[in-house]
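K.L.:
Let's see this in three dimensions:
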Amino acid sequence: MTDRPSSRPSELRTLAAALMFFTRLPWVGRVRIDKSHLRGTILWFPLAGWIVGGLAGAVWWASARVLPVDVAAGLSIAASLLLTGALHEDGWADVCDGFGGGHTKDRVLAIMKDSHIGAYGVIGLVVLLGLKWRLTAALPAAQAVGLIVAAHALSRAASGSIMTLLDYARAEGEPSKARALTGRPTASRLLVMLALGVAPVLFVLPMSAWWILAVIALLPLTLSRWYRRRIGGYTGDCLGAAQQLTEVAFLALVVAQLSAQ
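P.N.:
Modelled structure (predicted):
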């Protein structure tokens, strides 16, 4: 990726920038983009979720035909980790360490920037991945693939919505990989992003379960208030943590809904 802006940023290049940032797809690197394209990637957060969720769902589908469903769930999660480079899980671990061990804004931000993982991060990852594994294994076979895709798409829309509610927390000039993504989107781009995130949910869940969307909408609002109170805004790690929490919350609500039927 080059720092030299192109003459006219295209939506295709913005999409390529989003996939380059959020996935490890090898062909994306062949598209010539610059940092100006990263500003608009929020529009494509959910589509990255469609792709990651689609691969994870495909792995679940293939594995469940020859292996126990809990093993298929584990392989599905492993596939998503490989495709994203555990980007969001790393953010979750950093938030656990930073918010768990820091008592001031500067200390929280410093801990999150540290590449080493602490006790809070390890515990957080174990709990998170354990819950995700068990919940994925509990999904009904007929709907599992669609629900996995929906969880990835919706959770990335929820993560992106935090960018519309808060400012970036780190000081201007401080090195930060996520800074290139920052900037509040226009109303039209926000609406398209939300539509891309919600669409798989509406497709795979019956109308009687759409209440789950209302509950999920509370999560980024709650996290935004917490992030604002603790560090005055968000970081890339905060977005990753929001994505992971939303994904697990969605799966938990779906399993609870289906178990009650």
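K.L.:
for this protein, what spans make up the helices?
P.N.:
With DSSP state H as the criterion, the chain has helices at 11-22, 45-64, 69-84, 87-101, 105-113, 119-137, 144-165, 187-204, 211-231, 236-260.
K.L.:
closest one to residue 39 among those?
P.N.:
helix 11-22 (8.2 Å; CB to CB). All C-beta spots, glycine's among them, are computed from the backbone N, C-alpha and C.
K.L.:
Report the angle between the closest one and helix 236-260.
P.N.:
90 degrees (axes from the mean of the first three to the mean of the last three CA atoms, to 10 degrees).
K.L.:
Show the average pLDDT along helix 11-22.
P.N.:
Mean per-residue pLDDT for helix 11-22: 82.
K.L.:
ok so, going back, determine which stretch of the helices of the chain is the most buried.
P.N.:
Of the helices of the chain, the one with the most neighbours on average (mean count of other CB atoms under 10 Å) is helix 144-165, at a mean of 25.
K.L.:
Provide the angle between the direction of it and the direction of helix 87-101.
P.N.:
50 degrees.
K.L.:
Now helix 144-165 - C-alpha only, PDB.
P.N.:
Extracted C-alpha coordinates of helix 144-165, given in PDB (Å, rounded to 0.1, in the frame of the first residue of the first chain):
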ATOM      1  CA  ALA A 144     -25.700 -22.900  11.300                       C
ATOM      2  CA  VAL A 145     -24.000 -21.500   8.200                       C
ATOM      3  CA  GLY A 146     -26.400 -18.600   7.800                       C
ATOM      4  CA  LEU A 147     -26.100 -17.800  11.500                       C
ATOM      5  CA  ILE A 148     -22.300 -17.800  11.400                       C
ATOM      6  CA  VAL A 149     -22.400 -15.400   8.500                       C
ATOM      7  CA  ALA A 150     -25.000 -13.200  10.200                       C
ATOM      8  CA  ALA A 151     -22.900 -13.100  13.400                       C
ATOM      9  CA  HIS A 152     -19.800 -11.900  11.600                       C
ATOM     10  CA  ALA A 153     -21.600  -9.300   9.500                       C
ATOM     11  CA  LEU A 154     -23.700  -7.900  12.300                       C
ATOM     12  CA  SER A 155     -20.900  -7.700  14.800                       C
ATOM     13  CA  ARG A 156     -18.700  -5.700  12.300                       C
ATOM     14  CA  ALA A 157     -21.600  -3.300  11.700                       C
ATOM     15  CA  ALA A 158     -21.900  -2.800  15.500                       C
ATOM     16  CA  SER A 159     -18.200  -2.200  15.800                       C
ATOM     17  CA  GLY A 160     -18.300   0.400  13.000                       C
ATOM     18  CA  SER A 161     -21.200   2.200  14.600                       C
ATOM     19  CA  ILE A 162     -18.900   3.100  17.500                       C
ATOM     20  CA  MET A 163     -16.900   5.200  15.100                       C
ATOM     21  CA  THR A 164     -19.900   7.300  14.500                       C
ATOM     22  CA  LEU A 165     -20.500   7.900  18.200                       C
END
